[in-house]
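# Sequence first, predicted model second:
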Amino acid sequence: MNVYKLFLKFIGYRTPATMPESLTDLPPNILSEILSRLPIKSLFVCRSVCKTFLNLTSSNPHFNALHFSKTAQNLIIQFGSSYQPTRLVHLVDSELDTAFGFRLKVNVKEKAMFQIPKFPAKYFEEYRMYIGDENNFVLVNSCNGLLYFAERSVCERSFICNPITNEYVTLLEYDVEKNLTMGLWFGFSPEENLYKVLRIFATVSGTPSQDGFKMEYWAQVHVGSSISMKKNSEIAPPLDFGLEQQMNKHGMSIGVLGGYLCLSDDTWDLDIWVMKKFGGQDCWSKEFVVDTSIHMDKPLEGPFRPLQILSDGKILMIWANRVLVTYDPKTKDFGYLEFDGVESLGKVVLYTPSFFPLKDALMVDNLTVQNMTSRENPGLIE
Amino acid sequence: MVTTDEKGPLTAKKKSVIIRSCDGDEFLVSESAAVLSTSLKKILEEKEDRLIHLSDIDNKTLAMVIAYLSTHADDGLSDDLKRSFDQEFVSGKEFDVLKYLVLATDTLQVTCLCYTVAKKMADIMKNKLVEWVRREFDIQNDYTPEAEAEIRRLDAWAWDDRQLEDD
């Protein structure tokens, strides 16, 4: 009972019989509206307040849908280099569009959101040895609250996880004997209502002129109790994609920009092609040419990777795996967002948390879902 | 107490509705404002009577809802003005006031206002200590100490070292 209420009682303020005393007396639908608008970390802290809050936010399809429609974008960061990534994955719940321009403090010692599960080493007959013991899984991207991790070595393993529900599923491996993966992307096709993995690959054998790249769609199909990849189709590179660019395999990346498939290349400037209508080679259009030579006040070498178009039209990019920058296509100005006390970001992706269980999200029956860590789903507490 | 619509003689000619709060006071509202509430719209479609009695909304809360509805029914105001009115409308309000307000928007089915108030309530709750939330919002801790320790352990990742407010 706070002073304000005592005051109301004192002046004879009449509270109708049905008026709630406690916040938890409000109908569940209103409580859900309030809780779904909390930043993700605050929401998880609030689950400790009372059972009502926990039960409303656990295994509740109504809340899942409500939350996903309201939730803000966060950053997911995996520290370390691409060759030596850490197994710890962090979440930064900044309000991105408004927080820009300020230095974001990220404490590496801060509690990680989760730890990447350990996968067993695999025995390869060909090499007569176990391979994949290093478990160098690297965060690739995020789509609809799901995170895609891949390990690029002799055995190319990957998994999809939902850190909110603490679940993951393993994807079957690619055939890596004849080609080399240059870029990966996990995305959702609304037209087909399907999640897909895109892969840029270069053939290992062959003459240099044939040593270009192709893009493949790997659609998920249901096989037994796991998700397997079936080669679905190929996409040819843009018509104006030169031979030098094709050879510079480490300068290109695929992704989604403004809701469309995009391909970027930084052989000279940073060129960004976008595929606005799905189809052949001629469906690519070069949407942005970012002049990366004009910001010499920051002597940093390294590639740019476009992440997203922000609401104000600026492009959010990660530069040299280290600095988040915004680029304004109109003024050609760069904006910086640095991470205090961080040597290398490793991998950073934009992430929208989702409470949907993996099985519902991926729409696959008989899915073998595993828990990522000892952090099991609390479920309903009676 | 009868509060007249402030929009003057032009709109006074339009149909009006009388809404009575649980305290017994009556408010005169233009029909164009009243129908922004889905519940009131349904009632008006079903009955001839222009008097609506709301048994679970008090004077103070009803006056606020009506001020909101009248502003949003005013075609002379731009969307930007309405948006800044919404922000002004919820700012500085006590949590208890917001609680009754959000309940009234649920009863009257005024979705936009419900969302605005819910957002404001979430803004008040965010980055606060669990103890602060319990104290300020009269919430009984119904966990056993063991269950509370367990849920805190499971959600430990969200409890970072940033300064949670306890004011």
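Done, it's in. Numbering: from 1, shown residues only, chains lettered A, B, ... in the order given.

# Please identify the buried residues of stretch A:130-141?
Using 16 or more other Cβ atoms under 10 Å in any protein chain shown as the test for burial, stretch A:130-141 gives A:132, A:135, A:136, A:137, A:138, A:139, A:140, A:141. Any C-beta I mention is one placed from the backbone N, CA and C, and that applies to glycine too.

# what would those look like in a markdown table with distance to chain B?
As requested, those are exported to a markdown table (distance: Cβ to the nearest Cβ, whole Å):
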| residue | distance to chain B |
| --- | --- |
| A:132 | 27 |
| A:135 | 20 |
| A:136 | 22 |
| A:137 | 18 |
| A:138 | 20 |
| A:139 | 16 |
| A:140 | 21 |
| A:141 | 21 |
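
# In strands only, show me those.
Counting by DSSP state E, the buried residues of stretch A:130-141 place A:138, A:139, A:140, A:141 in strands.

# Turn these into JSON lines, columns for pLDDT and distance to residue A:353.
Listed next are these as JSON lines, based on pLDDT from 0 to 100; distance: Cβ to Cβ, whole Å:
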{"residue": "A:138", "pLDDT": "88", "distance to residue A:353": "21"}
{"residue": "A:139", "pLDDT": "90", "distance to residue A:353": "15"}
{"residue": "A:140", "pLDDT": "87", "distance to residue A:353": "18"}
{"residue": "A:141", "pLDDT": "88", "distance to residue A:353": "15"}
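
# Among these, pick out the one closest to residue B:135, please.
Checking these against residue B:135 with Cβ to Cβ, the nearest one is residue A:139 at 39.4 Å.

# Tell me where the stretch 1-150 of chain A has helices.
With DSSP state H, counting those that start in this stretch, the ranges of helices along the stretch 1-150 of chain A come out as A:3-10, A:28-35, A:40-46, A:51-56, A:61-70, A:96-99.

# if you compare these, which one is most tucked away?
helix A:40-46 (a mean of 23; mean count of other Cβ atoms under 10 Å in any protein chain shown).

# circling back to that earlier point, now the helices of the stretch 1-150 of chain A in CSV, with mean pLDDT and distance to residue A:267?
Formatted as CSV, these follow (pLDDT from 0 to 100; distance: least, Cβ to Cβ, whole Å):
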stretch, mean pLDDT, distance to residue A:267
helix A:3-10, 50, 65
helix A:28-35, 94, 48
helix A:40-46, 92, 38
helix A:51-56, 94, 52
helix A:61-70, 91, 38
helix A:96-99, 47, 29
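
# now chain B, which segments are flagged as low pLDDT?
B:1-14, B:160-167 (pLDDT under 70).

# just so I have it, where are all the helices in it?
Ranges of helices in chain B, per DSSP state H, are B:8-12, B:31-34, B:38-46, B:59-73, B:79-90, B:95-108, B:111-125, B:130-136, B:145-154.

# could the ones you listed go into a markdown table alongside distance to residue A:42?
Output for these, formatted as a markdown table (distance: least, Cβ to Cβ, whole Å):
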| stretch | distance to residue A:42 |
| --- | --- |
| helix B:8-12 | 43 |
| helix B:31-34 | 35 |
| helix B:38-46 | 31 |
| helix B:59-73 | 27 |
| helix B:79-90 | 19 |
| helix B:95-108 | 16 |
| helix B:111-125 | 7 |
| helix B:130-136 | 10 |
| helix B:145-154 | 14 |
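
# who's in contact with residue 116?
Going with chain A. A:87, A:88, A:89, A:135, A:137, A:149, A:372 (Cβ atoms under 8 Å, 6 or more residues apart in numbering or on different chains).

# Hmm, no, I was thinking of chain B.
B:86, B:89, B:90 are the contacts of residue B:116 under Cβ under 8 Å, 6+ apart.

# Count the residues that sit near the second one.
Put plainly, it is residue B:89. Here the count is done by other Cβ atoms under 10 Å in any protein chain shown, and residue B:89 has 19 residues near it.

# isn't it right up against residue B:70?
No: taking contacts as Cβ atoms under 8 Å, residue B:89 lies outside contact range of residue B:70: 11.9 Å.

# that older thread, wait, which of the helices of chain B is closest to residue A:288?
Of all the helices of chain B, it is helix B:79-90 that lies closest to residue A:288, at 30.5 Å by Cβ to Cβ.

# on that earlier part again, mind putting the buried residues of stretch A:130-141 in JSON lines, distance to residue A:290 included?
Below are the buried residues of stretch A:130-141 laid out as JSON lines (distance: Cβ to Cβ, whole Å):
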{"residue": "A:132", "distance to residue A:290": "37"}
{"residue": "A:135", "distance to residue A:290": "35"}
{"residue": "A:136", "distance to residue A:290": "30"}
{"residue": "A:137", "distance to residue A:290": "30"}
{"residue": "A:138", "distance to residue A:290": "24"}
{"residue": "A:139", "distance to residue A:290": "23"}
{"residue": "A:140", "distance to residue A:290": "22"}
{"residue": "A:141", "distance to residue A:290": "20"}
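
# Specify which member of the residues you listed is nearest to residue B:136.
For these, with residue B:136 as the reference and Cβ to Cβ as the criterion, the closest is residue A:139, at 38.1 Å.

# The closest one reaches residue A:146, doesn't it?
No: contact criterion Cβ under 8 Å: residue A:139 and residue A:146 do not qualify, at 11.7 Å.

# The helices of the stretch 1-150 of chain A: which one's closest to residue B:35?
helix A:28-35 (22.4 Å).

# residues in contact with the closest one?
Contacts for helix A:28-35 (Cβ under 8 Å, 6+ apart): A:23-24, A:43, A:46, A:52-53, A:56-57, A:60, A:62-63, A:66-67, B:102-103, B:106, B:114-115, B:118, B:121-122, B:125.

# Identify the residues contacting residue B:103.
By Cβ under 8 Å, 6+ apart, the contact set of residue B:103 is A:19, A:20, A:26, A:27, A:30.

# try 7 Å
Residues in contact with residue B:103 (Cβ atoms under 7 Å, 6 or more residues apart in numbering or on different chains) are A:20, A:26, A:30.

# what's the answer for residue A:62, then?
residue A:32.

# Okay, it and residue A:29: tell me how far apart.
8 Å (Cβ to Cβ, to the nearest Å).

# Quick check: end-to-end length of stretch A:65-78?
Stretch A:65-78 has an end-to-end distance of 27 Å (criterion: Cα to Cα, to the nearest Å).

# what sits up against stretch A:275-287?
A:236, A:238, A:239, A:240, A:260, A:261, A:271, A:272, A:273, A:274.

# actually stretch A:142-162, sorry about that
Taking Cβ under 7 Å, 6+ apart as the rule, stretch A:142-162 contacts A:68, A:76, A:116, A:119, A:122, A:124, A:131-132, A:136-141, A:163-164, A:167-171, A:173-174, A:176, A:181, A:184, A:186-188, A:349-354, A:356, A:358, A:361, A:372.

# of those, buried ones?
A:68, A:76, A:116, A:132, A:136-141, A:163-164, A:167-171, A:174, A:181, A:184, A:186-187, A:349-354, A:356, A:358, A:361, A:372.

# Which of these fall in strands?
In strands, judged by DSSP E, the following of these are found: A:76, A:138-141, A:167-171, A:181, A:184, A:186-187, A:349-351.

# Now for residue B:21, how many residues are close by?
23.

# Which residues lie in contact with it in this structure?
Counted by Cβ under 7 Å, 6+ apart, residue B:21 has contacts B:54, B:57, B:58, B:59, B:62.

# which residues does residue A:123 bridge with?
When assigned by DSSP bridges, residue A:123 has beta-bridge partners residue A:130.

# And for it, the neighbour number?
For residue A:123, the count of nearby residues is 11 (other Cβ under 10 Å).

# doesn't residue A:130 make contact with it?
Yes: the pair residue A:123 and residue A:130 passes the contact test of Cβ atoms under 7 Å, sitting 5.4 Å apart.

# Distance check, residue B:84 against residue B:36.
Distance from residue B:84 to residue B:36, by Cβ to Cβ: 18 Å.

# Quick check on those two: which one has the bigger neighbour count.
Using other Cβ under 10 Å as the criterion, residue B:84 and residue B:36 rank with residue B:36 on top: 21 against 12.
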